[in-house]
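S.K.: Attaching a predicted model along with its sequence, questions to come.
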Amino acid sequence: MKKTKKLDFQKMIENGLTLKLVSVLVAILLWFGVAMIFSPTVDNARIRNVPITISPNNETLAGLGLEAVGGQTETVTVRVKGSREVVGALKPSDIVVSPVLTDVTGPGTYTLQLRWSKQNVMDDFEILGVSPEKMEFTFARVVSKKLTVEAKAVGLTAKDGYVLGKPTTDPVEITVKGPDGTVDKIERCVATVTSDTVLSRTYKVPAELTLYDADGNEVEKTDAMTFDVSDVEMTIPVLKKATLPLKVKFLNAPASIQTDKLTYELSAKEIDVAGPEETISKLEAINVGYINLLDFKYGEGYTFQIELPNGFVNLDSFDTVSVTFGGAYAGKSITVSNFSVINPPSNWNVTVTTKRIYGVQMAGLAADIAALQETNVVAEIDASTIDMKEGQYNVPVKLYATDGSTVWAAGSYEAVVEISAKK
């Protein structure tokens, strides 16, 4: 078993440093004991860093429509008297110091006498005085104004193959509060980031706020002004450049038509854009718009406003594209007499009573239109879309060519069907 070493008091006494430390400690304890016995009261203790208190509901200031905008953040030193035990435990928050406001008559700066009191009147100590006894305070009619934060990036550049996007701020608005004579002048708030950094990815950084009046002169920020946010962050997007082809898409094409075989001419075949790298690298083309084949009129063109995906910017010199179909397409009017009913219900009869649909406008590739026979066009009725009730009804039809040609019906057409319950 390991033996426990005993303290060797003889060696400790012989050690000079140890003896000195013990002597000092004993002297302090003896002094403290004597002080408590023979001098239990402290006559002139100082409590430092006691804050100035001005109530926001002060009747004098409220009646004048004023608020303190200077001096209220200062602190003072208070002299107190009391038992050593009580005084030793006092904190700045145990004392209330505030200015005497009887001389305040309007906006301006005043030198005011200070008054003091105990936070808790039952506390057993006496306040002897305060230093300084007078202080300067500034009062003003305080107003607030909401401002949109403008973003300004200075000196930043993008790496080759990239471009800087439009910078944004968080928050996008701030509210400034302060003396009316100053706040009323403010018209603009600009968040600025200045750096010579070359960027290859989106950059976020704290921004410096500057206030301007209507003439573009800087309005100096003062201690009398406050903001509803402490920091403003700027985001500078870094976008990757790309040249992408343009295309259109077609709506309401019959199932028999392969829309990728529909040819057309664009006023611009491609466009230079920039966008977030993770998005633009997956994008194969920019769709400029949709052409509804039900409304198609051969010989007529279409104009589309280019709308880019969210976060993209147009680096080219145009923002509209014209689509024309040239002489590759033609049209003609036919009469359709072939009808087909699909998805008929098992307990209802659906009979087409219309014999022919006249004036069906067909459009498509010129060669296919020239070879189109009326017997190759079918008017299809989907019975699953009809509300089954006995009687005759007008219902929509879909028209398509059965020979696989690239043609379609332009417009909407109907046929009459008779519905009856099966016996």
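M.R.: Everything's here; your move. Residues are numbered from 1 along each chain as shown.
S.K.: mind listing the helices for this structure?
M.R.: Assigned by DSSP state H, the helices in the chain fall at 9-14, 16-38, 59-64, 84-88, 180-183, 277-280, 366-371.
S.K.: just how off-centre is the fifth one within its chain?
M.R.: Put simply, helix 180-183 sits 29 Å off its chain's centre (C-alpha atoms, centre = their mean, to the nearest Å).
S.K.: contacting residues around the residue nearest to residue 327 when sequence neighbours are not counted?
M.R.: Using C-beta to C-beta, 6 or more residues apart in numbering and skipping residues adjacent in sequence, the residue nearest residue 327 is residue 366, 6.8 Å away. All C-beta atoms are positioned from the backbone trio N, CA, C, and that covers glycine. Residues in contact with residue 366, defined by C-beta atoms under 8 Å, 6 or more residues apart in numbering, are 327-330.
S.K.: if I look at the closest residue in space to residue 404 that isn't next to it in sequence, how far off is residue 167?
M.R.: Of all residues not flanking residue 404 in the chain, residue 256 sits nearest, at 6.2 Å (C-beta to C-beta, 6+ apart). For residue 256, the distance to residue 167 (C-beta to C-beta, to the nearest Å) stands at 51 Å.
S.K.: Those two - which one has more neighbours?
M.R.: Counted by other C-beta atoms under 10 Å, residue 256 and residue 167 do not tie: residue 167 has more neighbours, with 20 against 14.
S.K.: Quick check: the more buried one touching residue 234?
M.R.: Yes - between residue 167 and residue 234 there is a contact under C-beta atoms under 8 Å: 5.5 Å.
S.K.: Next, show the common contact partners of these two.
M.R.: Common neighbours of residue 167 and residue 234, counting by C-beta under 8 Å, 6+ apart, are 151, 153, 193.
S.K.: Going by distance to residue 62, which of those wins?
M.R.: residue 151 (39.0 Å; C-beta to C-beta).
S.K.: what's near enough to touch that closest one?
M.R.: Residue 151 is in contact with 166-169, 190-191, 207, 234, counting by C-beta under 8 Å, 6+ apart.
S.K.: Same question for residue 393.
M.R.: When contacts are counted by C-beta under 8 Å, 6+ apart, residue 393 touches 386, 416-417, 419.
S.K.: same thing but at 6 Å, please
M.R.: residue 417 (C-beta atoms under 6 Å, 6 or more residues apart in numbering).
S.K.: before we move on, what about residue 413?
M.R.: Residue 413 neighbours (C-beta under 6 Å, 6+ apart): 357, 397.
S.K.: Surely residue 235 and residue 204 touch.
M.R.: Yes - between residue 235 and residue 204 there is a contact at 5.1 Å, judged by C-beta atoms under 6 Å.
S.K.: more neighbours, the two?
M.R.: Using other C-beta under 10 Å as the criterion, residue 235 and residue 204 rank with residue 235 on top: 16 against 11.
S.K.: does the closest residue to residue 289 other than its chain neighbours have beta-bridge partners, and which?
M.R.: Once flanking residues are discounted, residue 289 sits nearest to residue 304: 3.6 Å by C-beta to C-beta, 6+ apart. For residue 304, the beta-bridge partners are residue 321 (DSSP bridges).
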